[in-house]
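Visitor: quick check, what structure comes out for this input:
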Amino acid sequence: MYRAASGLGALKLWGLKTYMPEMVEVLVDCVRNPALLDWEVKEEITKLKAELAQASTNPESFLLDALHSAGYSGALANPLIASEASISRLNTDVLEEFLAENYTSPRIVLAASGVDHDELVSIAEPLLSDIPNATGTVKPKSVYVGGEYRCAADSSNTDIALAFELPGGWLKEKDYVTASVLQTLLGGGGLFSWGRPGKGLHSRLNHLVNEFDQIKSISAFKDVHSTTGIFGIHTSTDAAFAPKAIDLAARELTSLATPSQVDQTQLDRAKAAAKSAILASLESKASATEDMGRQVLAFGERKPVEHLLKIVDGVTLKDVSTLAEKIISSPLTMASHGNVLNVPAYETVRGKFSSK
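Guide: Now for the predicted structure:
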């Protein structure tokens, strides 16, 4: 199975441990010698166009893409939802060139769970030792600038996302973990939803869904890259309620930056929920294996889960207010989709955070 996300692609195999040599060989062969047949490429492009057309109508997917396009200059401003024109330019030659440029030794990690490390190395080394090294590769740069993106659509609802920069990204470990606690503190959800970080009666945002019938859903989110990221709130609401929903979202974000607005009981509950989410995300061998690969690519090593849990335990009330203040002091990025007639002007919304 192949799964792709922003900046990462993962090719996975599951099987019995006794077949590990064959599995590694098949996996490496898929990476190094893919059979890109013209008719298959054309067929997949047709399927991809249909999938992307559907994704572009999904407000949540659209808003995340729009926040990056409006909020960054550089590589991260490139859309994740590709245009039909760019998809149409794909062919076998383009794909082969992409593989040659990107499937190089510094960019590939082989990770496995439930196997002996030395045995895995003995199997993989002859198959991977001659993978070419990257020459002259420069990591693309991105600069967070803030901005706005509006997309009018035929809908009685308005989807709005307010976001700010989370500076440092994964590499600023303490801030990244504190942001996870912030996300859990805010939590959120909808009238018929589950599984969001912090979802539940004690979530600060979930109270808003119960208090205001016009709010269909409201949740905190973060999207983090190696050296930067975004943190904010996404809400779906009746179009006429959009200004009030923005006021409520701004109130919750600024409250996190205000000392005494979060008490120790709330923080302890959020930290416990954050640790539970971390452990749950690593329960399966598949997710644990992908986490190994991600960490080695990001940090050059695999840090044990206990290391992450210890950082969560160390988050204090001062850490929460300090990071929240840093986040909302960055330029606002705002994206909206649907009936956007009642969405206030960017400068008006930005002014709600200027006093912080």
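Visitor: buried residues in stretch 210-217?
Guide: Neighbour-count burial for stretch 210-217 flags 212, 215-217 (criterion: 16 or more other CB atoms under 10 Å). Where you see a C-beta, it was placed from the backbone N, CA and C, and this is true even at glycine.
Visitor: can you pull out the helices in the protein?
Guide: Per DSSP state H, the chain carries helices over the ranges 20-32, 38-55, 59-71, 84-88, 92-102, 117-128, 173-186, 206-211, 242-256, 264-281, 285-299, 305-313, 317-328, 346-351.
Visitor: could the ones you listed go into TSV alongside mean pLDDT and distance to Ala163?
Guide: Converted to TSV, the helices of the chain look like this (pLDDT from 0 to 100; distance: least, CB to CB, whole Å):
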stretch	mean pLDDT	distance to Ala163
helix 20-32	92	35
helix 38-55	87	19
helix 59-71	90	5
helix 84-88	85	25
helix 92-102	89	28
helix 117-128	93	39
helix 173-186	94	12
helix 206-211	87	18
helix 242-256	96	10
helix 264-281	92	20
helix 285-299	85	22
helix 305-313	94	23
helix 317-328	96	9
helix 346-351	96	11
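Visitor: nearest to Gly9, of the ones you listed?
Guide: Nearest to Gly9, of all the helices of the chain, is helix 92-102, at 8.6 Å by CB to CB.
Visitor: can you list contacts of that closest one?
Guide: Contacts of helix 92-102 with the rest of the structure, by CB atoms under 8 Å, 6 or more residues apart in numbering, involve 34, 36-38, 41, 137.
Visitor: report the central residue of this protein.
Guide: Compute the mean C-alpha point of the chain, and by CA atoms, centre = their mean the closest residue is Asp223, 3.5 Å away.
Visitor: that one touches Ser61, doesn't it?
Guide: No. Applying CB atoms under 8 Å, one finds Asp223 not in contact with Ser61, separated by 11.7 Å.
Visitor: give me the neighbour count for Glu252.
Guide: 20 (other CB atoms under 10 Å).
Visitor: can you pull the contacts of it?
Guide: Counting by CB under 8 Å, 6+ apart, Glu252 makes contact with 186, 204-205, 208, 233.
Visitor: so how far is His207 from it?
Guide: Separation of Glu252 from His207 (CB to CB, to the nearest Å) stands at 10 Å.
Visitor: likewise Glu119?
Guide: Taking CB to CB as the measure, Glu119 falls 53 Å from His207.
Visitor: same list, the contacts of Glu252, but as a markdown table with distance to Thr18 please.
Guide: Compiled in a markdown table, those are given as follows (distance: CB to CB, whole Å):
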| residue | distance to Thr18 |
| --- | --- |
| Leu186 | 47 |
| Arg204 | 50 |
| Leu205 | 49 |
| Leu208 | 53 |
| Ile233 | 49 |
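Visitor: show me how far stretch 103-121 is from its chain's centre.
Guide: On the basis of CA atoms, centre = their mean, to the nearest Å, stretch 103-121 sits 24 Å off its chain's mean C-alpha point.
Visitor: how about Thr57: what's its closest non-neighbour residue?
Guide: Nearest residue to Thr57, sequence neighbours excluded (CB to CB, 6 or more residues apart in numbering): Ala153, at 7.8 Å.
Visitor: what about the one you found, neighbour count?
Guide: Other residues close to Ala153 by other CB under 10 Å number 15.
Visitor: verify the stated contact: it with Gly338.
Guide: Yes. If you go by CB under 8 Å, Ala153 and Gly338 touch, sitting 5.1 Å apart.
Visitor: restricting to C-alpha, output stretch 164-171 in CSV.
Guide: The C-alpha coordinates for stretch 164-171 follow below in CSV (Å, rounded to 0.1, in the frame of the first residue of the first chain):
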residue,chain,number,x,y,z
PHE,A,164,-1.2,31.5,12.8
GLU,A,165,2.3,30.3,12.6
LEU,A,166,3.7,27.6,14.9
PRO,A,167,7.4,28.6,14.4
GLY,A,168,10.1,25.9,14.7
GLY,A,169,7.9,23.0,13.4
TRP,A,170,8.8,19.5,14.5
LEU,A,171,12.4,20.5,15.2
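Visitor: list the buried residues for that stretch?
Guide: Those would be 164-166, 168-170, for stretch 164-171 by 16+ other CB under 10 Å.
Visitor: could you dump those to CSV with pLDDT?
Guide: Converted to CSV, these look like this (pLDDT from 0 to 100):
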residue, pLDDT
Phe164, 98
Glu165, 97
Leu166, 96
Gly168, 90
Gly169, 89
Trp170, 84
